[in-house]
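*Asks:* with the sequence up front, the predicted model follows.
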Amino acid sequence: TGRIWNPNVNMTATGVSNSSGQASFYVAVEGELYYGTYVPSMKSKPGTPGGSGHAVPRRQSGEDLLRAYVDSDLDNLTGFPVSYLNKTIGADYKIEIGGTYGQITSQTIFTYFFGTWAPISGQISSAKDSHRIEFSVPSSYLGGSSSFTCIIETTDWRSRGDWSYVGTVPDPWVVDASGN
């Protein structure tokens, strides 16, 4: 990850493992994790004479988000395409954890199904301190695969963020001397 303006979403370390039927994830940030706060109110300007009226600002929640896009079949041609630098995965699942004021406020697992993200029922176990979070889900929630790749994204309420690539397998994009 590179230097990000907002230290609260600037990742300094990431990791994943998949053992004993649990897919586990680790993320550390430079600043304070989930430090999103209330969003300043936005006022619209009156329209000009003969104009179309007021501009409607987009909704802002004030929530910082962490998203783990998981490619459980290691096929970037299936799932939702997610890219980071020169890596592209086909995300079959997405784990999304949101928070404000240093507290986790939402946790959801999604599956990519017929071109849309659909929430699935399932428990996310998580623990955090001010700079780090560890979370896990049963591997069965992610298709039961023992190996996967993942692109992790952190964003603040202004959509400023950071990205990282991790996996439970050696880099699937590395080609050896034999071309394999």
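*Replies:* Ah, there it is. Numbering: from 1, shown residues only.

*Asks:* look up phi and psi at the closest residue to Gly144 other than its chain neighbours.
*Replies:* The shortest distance from Gly144 to any non-neighbouring residue, by Cβ to Cβ, 6 or more residues apart in numbering, is to Ser72 (8.0 Å). (Each C-beta comes from the backbone N, C-alpha and C, glycine too.) Dihedral pair for Ser72: phi -90, psi -20, per degrees, to the nearest 10.

*Asks:* show the pLDDT at the nearest residue to Gly36 once chain neighbours are set aside.
*Replies:* The shortest distance from Gly36 to any non-neighbouring residue, by Cβ to Cβ, 6+ apart, is to Asp64 (3.9 Å). Asp64 carries a pLDDT value of 91.

*Asks:* how close does Asp64 sit to Phe114?
*Replies:* 30 Å (Cβ to Cβ, to the nearest Å).

*Asks:* same check, this time on Ser159
*Replies:* The value you get for Ser159 to Phe114, if Cβ to Cβ is used, is 26 Å.

*Asks:* where along the chain do the strands fall?
*Replies:* Secondary structure of the chain (DSSP state E): strands at 11-19, 22-29, 64-71, 80-84, 87-91, 93-100, 103-113, 116-120, 125-128, 132-138, 149-155, 161-167.

*Asks:* so the residue nearest to Gly36 sits right up against Glu32, yeah?
*Replies:* No - the pair Asp64 / Glu32 is not scored as a contact, 9.4 Å apart, by Cβ atoms under 8 Å.
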